[in-house]
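*Asks:* show me the folded form of this:
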Amino acid sequence: MVPPTGHPDGGETLYYSNPDAEHGESATTAVRGVDPPTRAIHAGGRPPVPASAAGPRGSSPRPAATEPVPRLWIWLSPVLALLAVALLPVAAATTNLDELGGWGLAQVLGVAGWLALACAVGACVAELWSPRPRVPMLGTATAILILCSTGMPSVVMPEARFTTAWLLSGFVDAIASGNGVPPQGVDARFYWPAFFAQWAFFRQAAGVGQLDEVLRWFPPAVVAVWAIGVYALAKSMLGGHRAPWVAAWLFVGLNWIEQDYFSPQATGIVLLLTVLTFALGPLATRRTDPLGAVHWPSGTTAKLPLWRRWTVAAMTPPNRPTLPPRQLLLIYFCASLCLLAIAPAHQLTPFAIIGQLAVLAVVGRFRGRGLVLVAILAVAVYVLIAGRDFWMTQLSLITGSGEDDGALQSGVADRLAGDTGQIAVKLMRILVPGLTWLLAIVGAWVYWKRRRDLVPIALAAVPMAFAAVQSYGGELFLRIVLYGLPILTILGADALRSFARKNRGREKILAVGMLLTFCSVIVIRGGNDAYMNVTAEDIAITRDVYATTPPGSKIMPISSVGPYGITGIGKYDRGGNIDGKKCPALAADPIPCINLEYPDVILVYKSMELEGVVLNGKPPGWTLDVIQQAVASGKYTLTYQNGFDAVLRKNVAGPQ
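*Replies:* Okay, the predicted model is just below:
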């Protein structure tokens, strides 16, 4: 219930929630001085329908609470969910990771894996279509859907994929083993050490030496938390009982971005969604225009020009939330803690949440403008004090280097390389964000027609400013899409709800589209798995190398894939002391770069071989040729080899 506000002719306008908002009506109806059923009739609608009698999708009334639900709807979703889980071990056993190529995981995933995904989608759809959907079953089906899509690599691969996850695990190891943060000159990411210090504490408190299993299962776990945040946001923005679940599924299905590995930004998104949920949920407010009406609906009273309404709205204090003061104080406290926690954890996420909160504050959509000040002060104090050395020497990483096309070049053009599978997957990564924005724009139009509100699309557009103000690098555009994706998918769910409401048969089309979306996310997310796959042998030989090599030695991989950074951060030389343009990695020109760097140990993994073949156009067996040439030069000795995995050590006496 929204509190009463003044009416222009001296009466009182009451607002009440319409339980039929799921089906497209405005969530709030305003009529003066009459009982709720009469208010709805006077507003041009129909009397409120009890939730138990509302139709499943706006087409027919729900059965009464005493009317039994057919057995099909009781058992269909649980059976499909159990079948999906039962197929996962079969998928792991029938997926041949040795055959990974340019198409990535989709190329080798067994039939059982695709069937598990189809069953998980079916479980979600079946429960959503049930006459009385069960929230626990919807939550369970959503968790299984995440496990069968985002979590599929975790299921079929015995070790965590993604090179950067292993490198960040090495950062945690450096803090845990060194009892403190290494000197910031080791890596710029140590200027934001909160995430690494947090997991170093967890590791020591648990009494474990490694985080291998955490790395493996981190992506599906953190995406599940993200989905909860999207559901909560959608519940506040869209209302209804089914649309929020669709928004959460759409978010998971369109989240091809793969920034959910073990990393600070993954935790940062959790905090960002928490703050947005507070701002658009319990702290959300509504403004009235000069005529006293919410959303400026069509009516007999002449409307003011749009620019004047926006100007007046920006100058009008927002209504106070209806929560008790103690609850508001607790929410402000929790939101402030989240904002303070983001500042020392990640470089970009604080700016994303500051921008989004600023938009909400300007248009008066939440009560708590002081949170914007808290966020700004947290970032400013941290950067100016704890990160003083960073902003004095490397501020261009945030403010930009003056090369306007750098981010676009590295984020889009430079990634369109590789064999046919790689090109196809990366074109899909360009196409999907475009379609996501198109769907969101349609949803914004639907949202505008119902609520006269463009704030959601503005929230999604705020992160686009990153492209104009800084040159973070190739991952910049991934972050831009990720920061806006929760709002984009919520708007997209509104568009799909409007589409399905007009014809019940369209729901079947959307169900098929949902299945295709989740199949495509397997293709897109797994497209790099040929050179992002990490084996137990890779981990074992890397740890053995660091355990048997004196500290201070130079240990280098041929290329920057694999778990080469799993340990030894700050204790060993990582190389890179020569001209980075000439030898950004040893693989750029192997023998000349090896001679220039002259590392003590060279690590070779199968993933490096596949990276060269599927991504950089090198001939098959190119790493074996490099190994042979290095040994033939007399500078190195081959101390370990198993297929493409190898370890080369520098001869103490130099070339013979």
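
*Asks:* and Trp103, what does it touch?
*Replies:* Trp103 is in contact with Gly421, Ala424, Val425, Val523, Gly527, counting by CB atoms under 8 Å, 6 or more residues apart in numbering. Backbone N, C-alpha and C define where each C-beta goes, glycine included.

*Asks:* over to Gly102?
*Replies:* Gly418, Asp419, Thr420, Gly421, Gln422, Val425, Ala530, Val614.

*Asks:* pull the most distant pair out of the contacts of Trp103.
*Replies:* Taking CB to CB as the measure, those span a maximum distance of 9.3 Å, between Gly421 and Val523.

*Asks:* find the residues that touch each one of the two.
*Replies:* Here Gly421 and Val523 have Trp103, Gly104 as joint contacts, going by CB under 8 Å, 6+ apart.

*Asks:* quick one: the helices in the stretch 451-600 of the chain?
*Replies:* Secondary structure of the stretch 451-600 of the chain by DSSP state H, counting those that start in this stretch: the helices cover 455-461, 466-469, 476-501, 506-525, 529-532, 536-548, 590-597.

*Asks:* cool, the stretch 151-300 of the chain as well?
*Replies:* Remark: helices assigned in the stretch 151-300 of the chain by DSSP H, counting those that start in this stretch are 152-156, 163-178, 194-206, 212-238, 243-254, 264-280.

*Asks:* if we can go back for a sec, CSV for the helices of the stretch 451-600 of the chain, including mean neighbour count?
*Replies:* Formatted as CSV, the helices of the stretch 451-600 of the chain follow (neighbours: other CB atoms under 10 Å):
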stretch, mean neighbour count
helix 455-461, 22
helix 466-469, 15
helix 476-501, 24
helix 506-525, 18
helix 529-532, 27
helix 536-548, 16
helix 590-597, 17
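
*Asks:* same list, the ones you listed, but as JSON lines with mean pLDDT and distance to Gly170 please.
*Replies:* JSON lines is the format used below for those (pLDDT from 0 to 100; distance: least, CB to CB, whole Å):
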{"stretch": "helix 455-461", "mean pLDDT": "88", "distance to Gly170": "35"}
{"stretch": "helix 466-469", "mean pLDDT": "54", "distance to Gly170": "27"}
{"stretch": "helix 476-501", "mean pLDDT": "86", "distance to Gly170": "22"}
{"stretch": "helix 506-525", "mean pLDDT": "94", "distance to Gly170": "24"}
{"stretch": "helix 529-532", "mean pLDDT": "92", "distance to Gly170": "16"}
{"stretch": "helix 536-548", "mean pLDDT": "94", "distance to Gly170": "10"}
{"stretch": "helix 590-597", "mean pLDDT": "88", "distance to Gly170": "20"}
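
*Asks:* tell me which of those lies nearest to Gly576.
*Replies:* For Gly576, the closest of the helices of the stretch 451-600 of the chain is helix 590-597, at 8.0 Å, according to CB to CB.

*Asks:* now for that closest one, which elements pack on it?
*Replies:* helix 622-632 (3 or more CB pairs under 8 Å, 6 or more residues apart in numbering; DSSP states H and E).

*Asks:* ok but Val647 is inside a helix, no?
*Replies:* No - counting by DSSP: H, G, I helix; E, B strand; the rest coil, Val647 is located in no helix; its state is strand.

*Asks:* apart from its chain neighbours, what residue comes closest to it?
*Replies:* Nearest non-adjacent residue to Val647, counting by CB to CB, 6 or more residues apart in numbering: Tyr640, 4.1 Å away.

*Asks:* check which helix or strand that neighbour maps to.
*Replies:* In the assignment (DSSP states H and E), Tyr640 maps to strand 636-642.

*Asks:* can you list phi and psi of Asp600 for me?
*Replies:* phi -70, psi -40 (degrees, to the nearest 10).

*Asks:* now do the contacts for it.
*Replies:* Applying CB under 8 Å, 6+ apart, we find Asp600 in contact with Thr549, Ser553, Lys554, Ile555, Arg649, Lys650.

*Asks:* could you do Ile146 as well?
*Replies:* Counted by CB under 8 Å, 6+ apart, Ile146 has contacts Pro220, Val223, Ala224, Ala227, Val252.

*Asks:* could you pull up the residues touching the most centrally placed residue in the chain?
*Replies:* Taking CA atoms, centre = their mean, the centroid of the chain lies closest to Leu482, which sits 5.1 Å from it. Leu482 makes contact with Asn255, Ile257, Gln259, Gln265, Ile269, according to CB under 8 Å, 6+ apart.

*Asks:* follow-up on the earlier one: so which of the helices of the stretch 151-300 of the chain gets nearest Glu99?
*Replies:* Closest among the helices of the stretch 151-300 of the chain, once you apply CB to CB, is helix 152-156, at 12.4 Å.

*Asks:* out of the helices of the stretch 451-600 of the chain, which is closest to Gly122?
*Replies:* For the helices of the stretch 451-600 of the chain, proximity to Gly122 was assessed by CB to CB; helix 506-525 is nearest, at 8.2 Å.

*Asks:* quick one: that closest one to helix 243-254, angle?
*Replies:* Orientation check (axes from the mean of the first three to the mean of the last three CA atoms, to 10 degrees): helix 506-525 against helix 243-254 gives 30 degrees.

*Asks:* show residues contacting helix 506-525.
*Replies:* 57, 103-106, 109, 113-114, 117-118, 120-121, 124-125, 129, 145, 148-150, 152-153, 249-250, 252-256, 258, 425, 428-429, 432, 496, 499-500.

*Asks:* what does stretch 326-345 give?
*Replies:* Contact partners of stretch 326-345, identified using CB under 8 Å, 6+ apart, comprise 192-195, 264, 267-268, 271-272, 274-275, 278-279, 282-283, 321, 323, 349-350, 353, 367-368, 370-371, 374-375, 378-379, 381-382, 386.

*Asks:* can you flag the buried ones in those residues?
*Replies:* Buried residues within the contacts of stretch 326-345, counting neighbours by 16 or more other CB atoms under 10 Å: 192-195, 264, 267-268, 271-272, 274-275, 278-279, 282-283, 321, 349-350, 353, 367-368, 371, 374-375, 378-379, 382.

*Asks:* measure Val631 to Thr637 for me?
*Replies:* Using CB to CB, to the nearest Å, Val631 is found at 7 Å from Thr637.

*Asks:* common neighbours of these two, please.
*Replies:* With CB under 8 Å, 6+ apart as the test, Val631 and Thr637 both reach Leu648.

*Asks:* A strand includes His346, no?
*Replies:* No - going by three-state DSSP, the assignment for His346 is coil, not a strand.

*Asks:* where does it land on pLDDT?
*Replies:* pLDDT for His346: 87.

*Asks:* equivalent analysis for the one 4 residues further on, please.
*Replies:* Reading off the confidence values, Pro350 has pLDDT 90.

*Asks:* who's in contact with it?
*Replies:* Leu339, Ile342, Ala343, Ala375, Ala378, Val379.

*Asks:* turn those into JSON lines, including distance to Ile487 and secondary structure.
*Replies:* Shown next, in JSON lines, are the contacts of Pro350 (distance: CB to CB, whole Å; DSSP: H, G, I helix; E, B strand; the rest coil):
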{"residue": "Leu339", "distance to Ile487": "19", "secondary structure": "helix"}
{"residue": "Ile342", "distance to Ile487": "18", "secondary structure": "helix"}
{"residue": "Ala343", "distance to Ile487": "23", "secondary structure": "coil"}
{"residue": "Ala375", "distance to Ile487": "18", "secondary structure": "helix"}
{"residue": "Ala378", "distance to Ile487": "23", "secondary structure": "helix"}
{"residue": "Val379", "distance to Ile487": "22", "secondary structure": "helix"}
